[in-house]
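Student: Next one to model:
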Amino acid sequence: MAFCSLTPENKRKMTSTESDVRMQNAIWMDMAAFLTTYPQLQKALKYGLGALVRTRPPDPFSFLAEKLREANRKEKIVVKGKALTEEEAAVRIQARGRGMRDRQIVKEKKQEAQKQKAATRIQSVQRGIAARNRTEALRNANIVWLRELFLRLCSDSKVEAPTVSARVVFDYCRRDPALVTRLGLTRRLATPRPQFMPLLDGAIEALRPALDRELDWTAFARLVGVDAAAAAAAPTHIAATKIQ
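Tutor: Down below sits the predicted model:
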């Protein structure tokens, strides 16, 4: 039986083979650990290698690289554990802080705008109420003045009922000084209120055809545009004025 001695060439081949086996084992161990950390990678490799086997392209390396990129887009593989330098971490923290601060500023501005809008709406409502109150108070004051004038003009009437002669009203509308002197009208009553002044000419024309008739309070008030409802409320306004 011949004994086969190990030649230097055989020893070199054996050493090279053992080294290759250890390297392959180390690569597979690293690969297994990598796949454990990134399970999506195993799915991507299966997808790429399967397509490579089925297609058998002339340039397998470029084909496999493209398929892995395609799988990465589908699976959205994210590299874990990427360490950041202090500068990168500081930049990220500062950016986040600025974003939170800017969002807070925008929120505060929106809240302030809403408060301002609500305040403007409330002020507008209050101004409207105040304007309506002033208008109502002026209208009531005018009716009170007109009622007082009516009662002063009635003193020239010869009837007991509260009526006034159309001729007396006619002379008053014409601003007859003799009537003012005869009745002793104060300046307050002798001077028509601005609200009624434009209506005096129309009252003169309405009275001219029948100066011998008598006018009650409602008819007298109608001459200057006061309706029956407002005329009926005149005693109430007079009483309220006296109380005040």
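Student: Check what pLDDT the spatially closest residue to Leu223 that is not a sequence neighbour gets.
Tutor: Spatial nearest neighbour of Leu223, excluding adjacent residues (C-beta to C-beta, 6 or more residues apart in numbering): Ala203 at 4.2 Å. To be clear about C-beta, it is placed using only N, CA and C from the backbone, and glycine gets the same treatment. Ala203 carries a pLDDT value of 87.
Student: Other residues contacting stretch 59-72?
Tutor: Stretch 59-72 is contacted from outside by 43-45, 47-49, 51-52, 55, 57, 77, using C-beta atoms under 8 Å, 6 or more residues apart in numbering.
Student: which among the residues you listed gets closest to Val106?
Tutor: Ile77 (35.7 Å; C-beta to C-beta).
Student: mind checking which helix or strand the residue nearest to Leu223 is in?
Tutor: Per DSSP states H and E: Ala203 is located in helix 200-207.
Student: Likewise for Gln116?
Tutor: Using DSSP H and E, Gln116 falls in helix 86-153.
Student: Could you list every helix and strand that that helix packs against?
Tutor: Contacting helix 86-153 under the criterion 3 or more C-beta pairs under 8 Å, 6 or more residues apart in numbering; DSSP states H and E are the following elements: helix 166-173, helix 187-190, helix 217-223, helix 228-232, helix 234-243.
Student: 6 Å instead, please
Tutor: Where contact means 3 or more C-beta pairs under 6 Å, 6 or more residues apart in numbering; DSSP states H and E, helix 86-153 is packed against helix 234-243.
Student: average pLDDT for the helix it packs on?
Tutor: Here the average pLDDT along helix 234-243 is 58.
Student: Number of residues surrounding Cys173?
Tutor: 22 (other C-beta atoms under 10 Å).
Student: about what we covered before: would you turn the contacts of stretch 59-72 into a markdown table with distance to Leu183?
Tutor: Supplementary listing: these in a markdown table, determined by distance: C-beta to C-beta, whole Å:
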| residue | distance to Leu183 |
| --- | --- |
| Lys43 | 112 |
| Ala44 | 112 |
| Leu45 | 117 |
| Tyr47 | 113 |
| Gly48 | 116 |
| Leu49 | 121 |
| Ala51 | 117 |
| Leu52 | 121 |
| Thr55 | 120 |
| Pro57 | 121 |
| Ile77 | 107 |
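Student: any weak-confidence spans in this structure?
Tutor: Counting by pLDDT under 70, the chain has low-confidence residues at 1-20, 26-27, 30, 34-35, 38, 74-90, 93, 155-161, 235-244.
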